[in-house]
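J.: got a sequence here, can you build the structure:
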Amino acid sequence: MKKIKRNLNNLSIKWKIFYYLFGFCAILLIILWLFQTTFLESFYKSIKLNQIKSNATTISKNIDNDNLVDLIKDISMSSDSCIVIVDKNSEATYEYSSYRNCMLNDISLIQIEYLISKANDNGGELIGYYDKNELKFGNIIDPNYPFNNDGNYVVSIETPQTLIYVKNILKDNGEQITLFISSFTTPVNATISTLRIQLIYITIIMVVLSALLAFIISKKVSKPIESINSSAKVLSKGNYDVKFDSKGYKEINELSETLSYTATELSKVESLRRELIANISHDLRTPLTLIAGYAEAMRDLPNENNFENAQIILEEANRLSALVSDALDISKLQSGVVELDIEEFNLTKLLDSSIKRISELVKSGGYSILFEYDNEVYVNADESKISQVFYNLLINAINYSHDDKEIIVKQKDLTDEVKIDVIDKGEGIDKEDLSKIWDRYYKVDKNHKRSFSGSGIGLSIVKSIMILHKTKYGVDSEKGQGSDFWFYLKKSK
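T.: Residues are numbered from 1 along each chain as shown. Below you'll find the predicted structure:
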């Protein structure tokens, strides 16, 4: 069993669809055979029985109707039945038959009284099949033939049979009458034999057609899926230029578009990854080269073993540490493992101290940083993360300020929040690049050389921290007119 299941699981989608469709057609054929042969006689008799009962109910409801005679005639003609009404003395008061040789016309008084008695014993109603050959000789009905004590027929023979229905009816005047309805039930064995021969031909035709149809449908449905599967295998090997052009139906079209988009995005990520490796390699190589050069000089040249060289080695080591820290920070932030340490602190003092510290570092390059604010502001946030945000925005402004080396920091005290702007007067950013600058590893100017050390992923860190704080951030910039990077924080109450 497990082996069969394993083999089924290893089937291609084309053959699975084929077997499902072919199996469905086979089930339909089996149902057709059962209903047209095995159950045909049962259905036929059941329909006949229900028809007679329905007619008896209609007559019972209209037993005191003035148009009863016409009603009985219509029912007899429409249902091909024989109807007789007898009074309490078992004498026929009305009878009508739509066909000749009605069995009810051949029933003796004793037989009528016997049927009425059986109906009384059975709750006022009796129904069963009776062989015409038995009545021909005028035999009295055997108590066990053709009815049983439950009123159900027990005879099933090849010769034509008559279904006899007996029902006691009470008229409005209190008089009890008995309704007899009979109808022929033709044996269906000959019909079944004919249908069986027809079904053999139908089955052969249906098997061939269903197999052909199942193969065509399975091939049509599976072809685009197989094409996507082949392209996906190419994509898994790192070929991001693969195209998913499969067409077939809505879900396949959507899947094809999704995978094409995925391939395009993976191609961008791969390109950015390579660029990141190149950038970080360059950033790491410079301090490593300096550290190695000064260390060798201090080792080989006694006069070079001094404080200045040791300080350079220390600064470059710190630079390396900062680069590694940024790479780790962005990974942690974007993976969602960082939790904020929210507390109240003086935002103005934090900005001022950061500006003074960075100003000293870039003073030799001719950069100036102006800080504009009206009053000190306290906020509830993660102080170390906000410091990191501001540091990255300042470094970004310094790196892209170009010839105009003035940076302006503005603190705007609003009603419930405070807005921080970091403004540079550099070349600005194209509109099509504004939404991309926050992406990890994205760089607007590929050939731009940074004026200050950094990992190149500072804006991505800013974005992640701002998202964690659930606050607004953004940039206003136009090409040739500088950039204004800003963010909001809620003031403490």
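
J.: can we go C-alpha only for contacts and neighbour counts from here?
T.: Will do.

J.: confidence score at the closest residue to D80 other than its chain neighbours?
T.: In this structure, D80 finds its nearest non-sequential neighbour in S98, 5.6 Å apart by C-alpha to C-alpha, 6 or more residues apart in numbering. S98 is assigned a pLDDT of 79 by the prediction.

J.: same question for C82.
T.: Here, the pLDDT recorded for C82 equals 90.

J.: which residues in the chain form strands?
T.: 82-86, 92-97, 125-131, 161-170, 176-185, 343-346, 368-373, 378-381, 406-413, 417-424, 473-477, 483-490 (DSSP state E).

J.: how about the fifth one: buried residues?
T.: To tie it back to what came earlier, the one meant is strand 176-185. Buried residues in strand 176-185, counted by 16 or more other C-alpha atoms under 10 Å: I177, T178, L179, F180, I181, S182, S183, F184, T185.

J.: from the chain's centroid, how far away is it?
T.: On the basis of C-alpha atoms, centre = their mean, to the nearest Å, strand 176-185 sits 59 Å off its chain's mean C-alpha point.

J.: that strand - contacts with which helices or strands?
T.: Here strand 176-185 touches helix 40-61, strand 82-86, strand 161-170, going by 3 or more C-alpha pairs under 8 Å, 6 or more residues apart in numbering; DSSP states H and E.

J.: could you check the angle strand 92-97 makes with it?
T.: Strand 176-185 runs at 20 degrees relative to strand 92-97, counting by axes from the mean of the first three to the mean of the last three C-alpha atoms, to 10 degrees.

J.: low pLDDT regions in the stretch 301-450 of the chain?
T.: The stretch 301-450 of the chain contains residues with pLDDT under 70 at 319, 326-327, 330-331, 334-337, 440-450.

J.: rewinding a little: including distance to N50, could the strands of the chain go into CSV?
T.: Shown next, in CSV, are the strands of the chain (distance: least, C-alpha to C-alpha, whole Å):
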stretch, distance to N50
strand 82-86, 16
strand 92-97, 19
strand 125-131, 11
strand 161-170, 11
strand 176-185, 12
strand 343-346, 84
strand 368-373, 95
strand 378-381, 82
strand 406-413, 89
strand 417-424, 82
strand 473-477, 79
strand 483-490, 80
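
J.: got a markdown table for the buried residues of strand 176-185, with pLDDT and distance to K16 too?
T.: Listed next are these as a markdown table, based on pLDDT from 0 to 100; distance: C-alpha to C-alpha, whole Å:
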| residue | pLDDT | distance to K16 |
| --- | --- | --- |
| I177 | 90 | 66 |
| T178 | 92 | 63 |
| L179 | 92 | 60 |
| F180 | 91 | 59 |
| I181 | 91 | 56 |
| S182 | 87 | 55 |
| S183 | 85 | 52 |
| F184 | 77 | 51 |
| T185 | 74 | 47 |
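
J.: ok so, going back, between the strands of the chain, which one is nearest to I252?
T.: Closest approach to I252 among the strands of the chain (C-alpha to C-alpha): strand 473-477, 37.9 Å.
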